[in-house]
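A.B. asks: Please work out how this folds:
(2 chains)
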Amino acid sequence: MGIEIIKIIMLMAAVTYGARVLPFLLFRNKKIDGFLKSFIQLIPVALLATLVIPELILSSNNDLTLYNPFLLTGILTFIFAKILPNLFLSVLFGMIVFWGFAKII
Amino acid sequence: MNTKGFLYGLRQSMTIGVGYAPVALTFGILSLKSGLTVWESGFMSLFVFAGASQFIAIQLIGQGATIWVIGITTLIVNIRHILMSFSMIRFFSGISLGKLVLLAQGITDESFVLNSKLLEEIPTSEERSKVALGVNLGSFSFWVVFTFIGAWLGNKINIIFSGFDFALLALFIVLTISAVNRDNLLTYLIAGLFAVFFRMLIPGKAYLLLSVILASALGAWVGQRKRAN
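C.D. replies: Numbering: from 1, shown residues only, chains lettered A, B, ... in the order given. This next block holds a predicted model:
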């Protein structure tokens, strides 16, 4: 293995693991209240929205598009999961529908 | 009472695994094209375990970027993990440092979102830490193993089933249904708007961190005001 690549991997690991472990080290067993508590409880939904919404309506060139396989499949997957709340089946459904739309559109 | 533990978490991680496997395979294949060896490729997944930054890194390595450029780029892309582990602390009061340090390596967008849903329904810290370990270790194993497989197979295979492109997105959409309620709908919508806006405005992945911080802060502020009145 190249020394340079190993150095790169170690630096990447340090930076990434640092971001993962720092809050655990700083806030372990500390009571979090008030604004900060609401803030951290809202992070999961905020992250969900930022991961999903742009993918559904922006193309890879960041153009706004509504007629695309991602948005159409997204809507159908949402409806499917509403009716049948099963994580695995819904993901499978999304994959198959997307495959179909990607062929047509 | 039925207790949920490590194996339950491991089973739940399969959904993430289905999404990770093709992405990790692709990473393995592409990393060889950038000049990495099979072991270097696998070790990057083992030690870094953060998909987007790994794809960017092999592209930069291929272009001959310096280690510092790669390091800073990785920091920008992955700094959002601070928010995720910060948000997860509330599940693990009283859990030993040794366990937390282990759990930390498994935090990704996907494991975080899944854990946030699963752990909400589990009563004790001890159980929560076991379930989270299962979810994280399961996801981690899929990522590392399929990177190695991809790198070993190299250019010998082609992934033709485009459905894999939607797997992780489908997972997020399904999790949205149980995560979003009347109290946090506003935050969800603001975050989505910010994300679209910032992604069109700022190149790279900075839009993720920015939208999550702004939307959560705004949502928390509105919530506090409502309670005060």
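A.B. asks: C-alpha from now on. contacts and neighbour counts both.
C.D. replies: Will do.
A.B. asks: Where does the residue nearest the centre of chain A sit: helix, strand or coil?
C.D. replies: Nearest residue to the geometric centre of chain A (Cα atoms, centre = their mean): A:Leu51, 4.2 Å. Under DSSP: H, G, I helix; E, B strand; the rest coil, the three-state class of A:Leu51 is helix.
A.B. asks: ok, it touching B:Leu208?
C.D. replies: Yes: with contact defined as Cα atoms under 8 Å, A:Leu51 reaches B:Leu208; the gap is 7.5 Å.
A.B. asks: Let me see the contact set for the residue nearest to the centre of chain A.
C.D. replies: Listed by Cα atoms under 8 Å, 6 or more residues apart in numbering or on different chains, the contact partners of A:Leu51 are B:Leu169, B:Phe172, B:Leu208.
A.B. asks: Show me chain B divided up by domain.
C.D. replies: B:6-178, B:180-229 (automatic domain parsing).
A.B. asks: Redo those domains as a markdown table? Include distance to A:Ile5.
C.D. replies: As requested, the domains of chain B are exported to a markdown table (distance: least, Cα to Cα, whole Å):
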| stretch | distance to A:Ile5 |
| --- | --- |
| domain B:6-178 | 7 |
| domain B:180-229 | 23 |
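A.B. asks: most neighbours per residue, which of those?
C.D. replies: A comparison of the domains of chain B by mean neighbour count, using mean count of other Cα atoms under 10 Å in any protein chain shown, puts domain B:6-178 on top with a mean of 20.
A.B. asks: List the contacts of stretch B:73-85.
C.D. replies: A:12, A:15-16, A:19-24, A:40, A:43-44, B:50, B:52-53, B:57, B:104, B:107-109, B:112, B:205-206, B:208-209.
A.B. asks: Tell me the gap between it and the middle of its chain.
C.D. replies: 10 Å (Cα atoms, centre = their mean, to the nearest Å).
A.B. asks: do stretch A:86-105 as well
C.D. replies: Distance, centroid of stretch A:86-105 to centroid of chain: 17 Å (Cα atoms, centre = their mean).
A.B. asks: Also stretch B:204-214?
C.D. replies: That offset, for stretch B:204-214, works out to 14 Å (Cα atoms, centre = their mean).
A.B. asks: Need the domains of chain B in TSV (columns: mean pLDDT).
C.D. replies: Below are the domains of chain B laid out as TSV (pLDDT from 0 to 100):
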stretch	mean pLDDT
domain B:6-178	92
domain B:180-229	93
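A.B. asks: Which helix or which strand is home to A:Phe80?
C.D. replies: Element membership of A:Phe80, judged by DSSP states H and E, is helix A:69-83.
A.B. asks: The following helix or strand past that helix packs against which elements?
C.D. replies: Counting by DSSP H and E, the next helix or strand C-terminal to helix A:69-83 is helix A:87-104. Packing contacts for helix A:87-104, counted by 3 or more Cα pairs under 8 Å, 6 or more residues apart in numbering or on different chains; DSSP states H and E, involve helix A:69-83, helix B:14-33, helix B:167-179.
A.B. asks: show me what contacts the nearest residue to A:Pro23 once chain neighbours are set aside?
C.D. replies: Residue nearest to A:Pro23 in three dimensions, not counting chain neighbours: B:Phe86, with 5.1 Å by Cα to Cα, 6 or more residues apart in numbering or on different chains. By Cα under 8 Å, 6+ apart, the contact set of B:Phe86 is A:Pro23, A:Phe24, A:Phe27, A:Ile40.
A.B. asks: Spell out the secondary structure type for B:Phe86.
C.D. replies: When classified by three-state DSSP, B:Phe86 comes out as helix.
A.B. asks: if you skip the residues just before and after it, what's nearest to residue 25?
C.D. replies: Picking chain A for this. Among residues not flanking A:Leu25 along the chain, B:Leu97 sits closest, at 7.8 Å (Cα to Cα, 6+ apart).
A.B. asks: wrong one, I was asking about chain B
C.D. replies: Closest residue in space to B:Leu25, ignoring its immediate chain neighbours: B:Gly150 at 4.1 Å, by Cα to Cα, 6+ apart.
A.B. asks: which other helices and strands contact the helix or strand that neighbour falls within?
C.D. replies: According to DSSP H and E, B:Gly150 maps onto helix B:125-153. Under the contact definition 3+ Cα pairs under 8 Å, 6+ apart, helix B:125-153 sits against helix B:6-12, helix B:14-33, helix B:38-47, helix B:97-105, helix B:109-120.
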